[in-house]
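Q: With the sequence up front, the predicted model follows.
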Protein chains: 2
Amino acid sequence: MSTEPPLFDLHRRPERRDAARNRELLLDAAHRLVDRDGVDAVTMDAVAAEAGVGKGTVFRRFGSRAGLMSALLDHGEARWQGRVISGPPPLGPGAPALDRLLAFGESRLERTLVSGDLMVAAAGRHGRSLPAVAFLVAHVRHLLAELDVTGDLPVMALSLLAPLDVTFVLPQLEAGVTRERILATWTDLVRRVVEAG
Amino acid sequence: MSTEPPLFDLHRRPERRDAARNRELLLDAAHRLVDRDGVDAVTMDAVAAEAGVGKGTVFRRFGSRAGLMSALLDHGEARWQGRVISGPPPLGPGAPALDRLLAFGESRLERTLVSGDLMVAAAGRHGRSLPAVAFLVAHVRHLLAELDVTGDLPVMALSLLAPLDVTFVLPQLEAGVTRERILATWTDLVRRVVEAG
DNA sequence: AGACCAAACGGACCGCGGTCCGCTTCTATT
DNA sequence: AATAGAAGCGGACCGCGGTCCGTTTGGTCT
């Protein structure tokens, strides 16, 4: 549950104790604000005030508002990734690859619906950074390989993930397209891709 | 080449003469700024100053920065749509539907590469507004129907368009994925969907 | 022509994300 | 324990998108 940011680059010295303490303070404060008033209320000034630190500290720790939002999102994402990697089937290992892939789509759509606003806030300028989707691509790619799909699997995996992205799902919901239609069509899409293997 | 914004709702009175004049002034100014200094230099204050009007006028005419960017984008989009609807095959009518669809993908990817930064700037909060993609969805949907693809065609059309969206294309390019790989994989994807009809 | 009023205008104003820099605090070293 | 210097800190400051409202302008009706 701790939230170290280095994780790569083992050369870098660990955070100073006060810095680590402030990181936790800020994450707690941000979480509290999201729960109480929603994502839009999470301004950098508000987080700083709620945590009792200076505004500069927020930027020093998280780089930007999108960075802070990503950090908030990561808690839930990590738990979800755990379910994908080692949870019960069909999402987790143990089920046939196609079942896993379809369960993955449904579960991912669910997460998009639940945390969509955070995902939007965590995306800077253009869409989310590639590291943020690296896990998704890797997993889909792996399942596609197991299903003997040939071709450029990394790009194909991302292409299959695109329709489930928050930037496409939310506008459709607003336009009256139901969750069920989106999921059914994604399932159809995946089946066609796999069957044409 | 004129840029009327009503176009729907015929009840609404036409724009007053000074308003129409200012709209043109502003679009010209914005275009000039884009060409000279790039999209990021197009701040609302800069456009107002360049056009010689007040800042409030810019917002009155275009609603927001994203709205102004959409208006800029629309010039090129309309020309491109014309090529799709009535240009030479295979993009325009006259070629077999699958050829048209594949040509559509290539041409759309090209446009994304050319005007990607404008597209990003024209997108508010979450992805582009649905009206902005309505034409794309309608066209792909039409071609899918001609190809006897069954299912939820509007959602399927959008799902096929998603991988070509600027929010997915630009990060991939930055990550070293070539234009050719993206196009080849999209072609592959479409072929699989159509063949499994 | 004059008068009326909706539409349009302009720019002061606000809140937010992000930067900067002088000051403080931690920690490694001796 | 003393010290040096890197890491962290805070908050004033800036530019931008967006709003507001008192003033001006242009179409319309008599």
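A: Great, that's in hand.
Q: Can you tell me the number of residues neighbouring residue A:67?
A: Around residue A:67 there are 17 other residues, counting by other Cβ atoms under 10 Å in any protein chain shown. Just so you know, the C-beta spots here come from the backbone N, C-alpha and C atoms, and that holds for glycine as well.
Q: Which positions in chain A make contact with chain B?
A: A:120, A:125-130, A:151-152, A:154-156, A:158-159, A:162-163, A:165-168, A:170-172, A:174-175, A:177, A:181-182, A:184-186, A:188-189, A:191-193, A:195-196 (Cβ under 8 Å from any Cβ of the partner chain).
Q: and if we set it to 7 Å?
A: A:120, A:125-127, A:129-130, A:151-152, A:155-156, A:158-159, A:162-163, A:165-168, A:170-171, A:175, A:177, A:181-182, A:184-186, A:188-189, A:192-193, A:195-196 (Cβ under 7 Å from any Cβ of the partner chain).
Q: Next, the buried residues of the lengthiest helix in chain A.
A: Secondary structure of chain A per DSSP state H: the longest helix is helix A:97-122. Buried positions in helix A:97-122, judged by neighbour count with 16 or more other Cβ atoms under 10 Å in any protein chain shown: A:97-98, A:100-109, A:111-112, A:115-122.
Q: Relative to chain B, how far out is residue A:18?
A: Distance of residue A:18 to chain B, given as Cβ to the nearest Cβ, to the nearest Å: 35 Å.
Q: Neighbours of that residue, how many?
A: That count, for residue A:18 with other Cβ under 10 Å as the rule, works out to 10.
Q: shaky segments in chain A?
A: Along chain A, segments meeting pLDDT under 70 span A:1-12, A:127, A:197.
Q: Using the record's assignment, carve it into domains.
A: Segmentation of chain A into domains, based on automatic domain parsing, reads A:15-63, A:76-195.
Q: Those domains: which one's closest to DNA strand C?
A: Evaluated with Cβ to the nearest atom of the strand, these place domain A:15-63 nearest to DNA strand C, the distance being 3.3 Å.
Q: and the closest one, is it in reach of DNA strand D?
A: Yes - residues of domain A:15-63 contacting DNA strand D under Cβ under 7 Å from any atom of the strand: A:15-16, A:18-19, A:21-22, A:53-57, A:59-61.
Q: Which of those residues are buried, as a ChimeraX select command?
A: Here is the ChimeraX command that picks out the buried ones among those, judged by 16+ other Cβ under 10 Å:
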select /A:22,53,57,61
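Q: With distance to residue B:42 as extra columns, can I get the residues of domain A:15-63 next to DNA strand D in JSON lines?
A: Output for the residues of domain A:15-63 next to DNA strand D, formatted as JSON lines (distance: Cβ to Cβ, whole Å):
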{"residue": "A:15", "distance to residue B:42": "39"}
{"residue": "A:16", "distance to residue B:42": "41"}
{"residue": "A:18", "distance to residue B:42": "42"}
{"residue": "A:19", "distance to residue B:42": "38"}
{"residue": "A:21", "distance to residue B:42": "42"}
{"residue": "A:22", "distance to residue B:42": "37"}
{"residue": "A:53", "distance to residue B:42": "35"}
{"residue": "A:54", "distance to residue B:42": "33"}
{"residue": "A:55", "distance to residue B:42": "28"}
{"residue": "A:56", "distance to residue B:42": "29"}
{"residue": "A:57", "distance to residue B:42": "33"}
{"residue": "A:59", "distance to residue B:42": "26"}
{"residue": "A:60", "distance to residue B:42": "30"}
{"residue": "A:61", "distance to residue B:42": "32"}
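Q: What residues does chain A have near DNA strand D?
A: So chain A meets DNA strand D at A:13, A:15-16, A:18-19, A:21-22, A:53-57, A:59-61 (Cβ under 7 Å from any atom of the strand).
Q: Could you work out the most separated pair of the residues you listed?
A: Taking Cβ to Cβ as the measure, these span a maximum distance of 24.9 Å, between A:13 and A:55.
Q: what's the neighbour count on the closest residue to residue A:95 other than its chain neighbours?
A: Spatial nearest neighbour of residue A:95, chain neighbours left out: residue A:89 (3.7 Å); criterion: Cβ to Cβ, 6 or more residues apart in numbering or on different chains. Close neighbours of residue A:89, defined as other Cβ under 10 Å, add up to 12.
Q: Pretty sure residue A:89 sits against residue A:97.
A: No - using Cβ atoms under 7 Å as the test, residue A:89 is too far from residue A:97 to be in contact (11.1 Å).
Q: re earlier: winner for burial among the domains of chain A?
A: domain A:76-195 (a mean of 18; mean count of other Cβ atoms under 10 Å in any protein chain shown).
Q: Provide the secondary structure category for residue A:176.
A: coil (DSSP: H, G, I helix; E, B strand; the rest coil).
Q: what are the phi and psi values for it?
A: phi 100, psi 0 (degrees, to the nearest 10).
Q: ditto for the one 4 residues further on
A: Dihedral angles phi and psi of residue A:180 (degrees, to the nearest 10) take the values phi -60, psi -40.
Q: could I get the domains of chain A as JSON lines with distance to residue B:27?
A: Shown next, in JSON lines, are the domains of chain A (distance: least, Cβ to Cβ, whole Å):
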{"stretch": "domain A:15-63", "distance to residue B:27": "31"}
{"stretch": "domain A:76-195", "distance to residue B:27": "24"}
